[in-house]
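Asks: predicted structure and sequence below. I'll ask about it afterward.
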Amino acid sequence: MARINDNYLKLKAGYLFPEIGRRVKSFADANPAAKIIRLGIGDVTRPLPPAILEAFHKAVDDLGQSQTFHGYGPEQGYGFLIDVLIDKVYKPLGVNLHNGEIFISDGSKCDTANILDIFDLGNKVALGDPVYPVYNDTNVMIGRSGEADPKGYYQGLVYMPCLEENGFLPDFPTDKVDIIYLCFPNNPTGTTASREVLKKWVDFALANDAILFFDAAYEAFIVDPVLPRSIYEIEGAKQCAIEFRSFSKTAGFTGVRCAFTVVPDALTATNARGERIQLNRLWNRRQSTKFNGVSYPVQKAAAAVYSEQGWPQVKAIIDYYMENARIIRTGLQKAGLTVYGGENAPYLWLKTVGGLSSWDFFDKLLRECHVVGTPGSGFGPSGEGFFRLSAFGDRDNIEEAVARIRRNLA
Ligand code: MLT
């Protein structure tokens, strides 16, 4: 008799975004005339810019000629893309990496989940609350937790509340932990971390022999030149951190799929005998066995993001989304709402009005404004009373959504 992985039954609700999709569909079916504006899931809306498309098309054509045809690529990613990342992404930050330290993949969602494969289940894991649900749910799925309590905290995981009172920046865990998830700019709160804040985390990780999982999927939306974009800008981080980066939001690749993960050579953790083992070696083994790489045309398109023509085009789209964020932020503030984030991040974190719960606010906004957002409580118990709006919409929709919210809630 085949047995299931019982850990899946511990998960309380369906994954957040499909759950929202279901509710919106049932509203739309009942109200076919409603023009619904979707600012829930952080999905991009601008088309791929010309330089990226051109590289993509050319690479597809390469596959039609025997001289330029590509079959299986390296599981770790093509050297042409890794070299671009080393030179164009990390070098300008003063970070030197070599090509064995960067692994190309089809998404940071998968990487932040799959990385758990190379760590023992006995590790204590700390994560923010609210948090990108993938970090929490994949730890439950793999068997690192017990059941959830009535509030939604899973036994055995360590939660670091990110509240208005602490500026949505988690305090250090008081329990001894081995793995700490950090995400800056933060999803969902839109908070960023200064160099000083990141230095404290690196120092903490080094002092406690812990590993940081640093999710920097939204670094491209940092506007303030003083803010760090990579954890490796902090001294000592190569000894304690894995960094996750993505082309999804940076370059409109949510449907194209390309990301990368950095596992520095200097990063180690212990085996059962207490000997230190390079994590890079294990991740390489994991990827070579369970993954066959990202397609050649996608990697060519990704490399074009940082080309001379590509980057200004990509940057213009990032600026477009950040202007959306400004419109939402200032518009809703004028309506008297308390709004966080949206300055160096594409997410706005609002306080619900009238003390409504996050889901009641979701229903109210959907019913009265035909606007979809994401209930803060879907990101964890400390998200209750908050609501996330994404700035990845089309400009007309963003302006219309803000106008509707102002009309109905002000
Ligand atoms: C979000 O809305 O939080 C993101 O789109 C989810 C993701 O990147 O997987």
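Replies: Okay, I see it.
Asks: check contacts around P130.
Replies: 162, 188-189, 376-377, 379-380, 382-383, 386 (Cβ atoms under 8 Å, 6 or more residues apart in numbering). For the C-beta atoms, the positions are set from N, CA and C on the backbone; glycine is no exception.
Asks: any idea how far it is from Y78?
Replies: P130 sits 36 Å away from Y78, going by Cβ to Cβ, to the nearest Å.
Asks: can you give me how far stretch 129-137 is from the chain middle?
Replies: 10 Å (Cα atoms, centre = their mean, to the nearest Å).
Asks: let's see that stretch as CSV, backbone CA atoms only.
Replies: The C-alpha coordinates for stretch 129-137 follow below in CSV (Å, rounded to 0.1, in the frame of the first residue of the first chain):
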residue,chain,number,x,y,z
ASP,A,129,6.0,36.5,10.2
PRO,A,130,4.5,37.7,7.8
VAL,A,131,6.6,35.9,5.2
TYR,A,132,6.6,34.6,1.6
PRO,A,133,4.4,31.5,2.2
VAL,A,134,6.8,29.2,0.3
TYR,A,135,9.4,29.3,3.1
ASN,A,136,6.9,28.2,5.7
ASP,A,137,5.0,25.6,3.6
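Asks: average pLDDT for that stretch?
Replies: Summarised as a single mean, pLDDT over stretch 129-137 is 97.
Asks: quick one: buried residues of that stretch?
Replies: Residues of stretch 129-137 classed as buried: 129-137 (neighbour count, 16 or more other Cβ atoms under 10 Å).
Asks: cool, stretch 214-232 as well?
Replies: Buried residues in stretch 214-232 (16+ other Cβ under 10 Å): 214-222, 227-232.
Asks: thinking again about what came up before, just the buried residues from the contacts of P130, in PyMOL please.
Replies: Command for PyMOL that selects the buried part of the contacts of P130, burial taken from 16+ other Cβ under 10 Å:
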select buried, resi 162+188+189+376+377+379+380+382+383+386
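Asks: before we move on, back to that, what's the closest of the buried residues of stretch 129-137 to K249?
Replies: Y132 (12.5 Å; Cβ to Cβ).
Asks: contacting residues around that closest one?
Replies: 112, 183, 187-188, 215, 379.
Asks: look up phi and psi at it.
Replies: When read as degrees, to the nearest 10, the backbone of Y132 gives phi -60, psi 120.
Asks: would you mind measuring from it to D43?
Replies: From Y132 to D43 the distance is 14 Å (Cβ to Cβ).
Asks: packing partners of the one helix or strand in the chain whose mean pLDDT sits lowest?
Replies: Least confident helix or strand, the chain: helix 16-30 with a mean of 90, by mean pLDDT, DSSP states H and E. Judged by 3 or more Cβ pairs under 8 Å, 6 or more residues apart in numbering; DSSP states H and E, helix 16-30 is in contact with strand 374-375.
Asks: pLDDT (mean, whole number) over the strand it packs on?
Replies: Strand 374-375 comes out at a mean pLDDT of 96.
Asks: ok, it: who's next to it in the sheet?
Replies: Strand pairing for strand 374-375, using DSSP bridges, gives strand 386-390 (antiparallel).
Asks: returning to that earlier point: and the ligand, which of the contacts of Y132 reach it?
Replies: N187 (Cβ under 6 Å from any ligand atom).
Asks: wait, what's in contact with whichever residue of the stretch 101-250 of the chain sits closest to the ligand?
Replies: In the stretch 101-250 of the chain, no residue comes nearer to the ligand than K109, which is 4.5 Å away by Cβ to the nearest ligand atom. K109 makes contact with V134, according to Cβ under 8 Å, 6+ apart.
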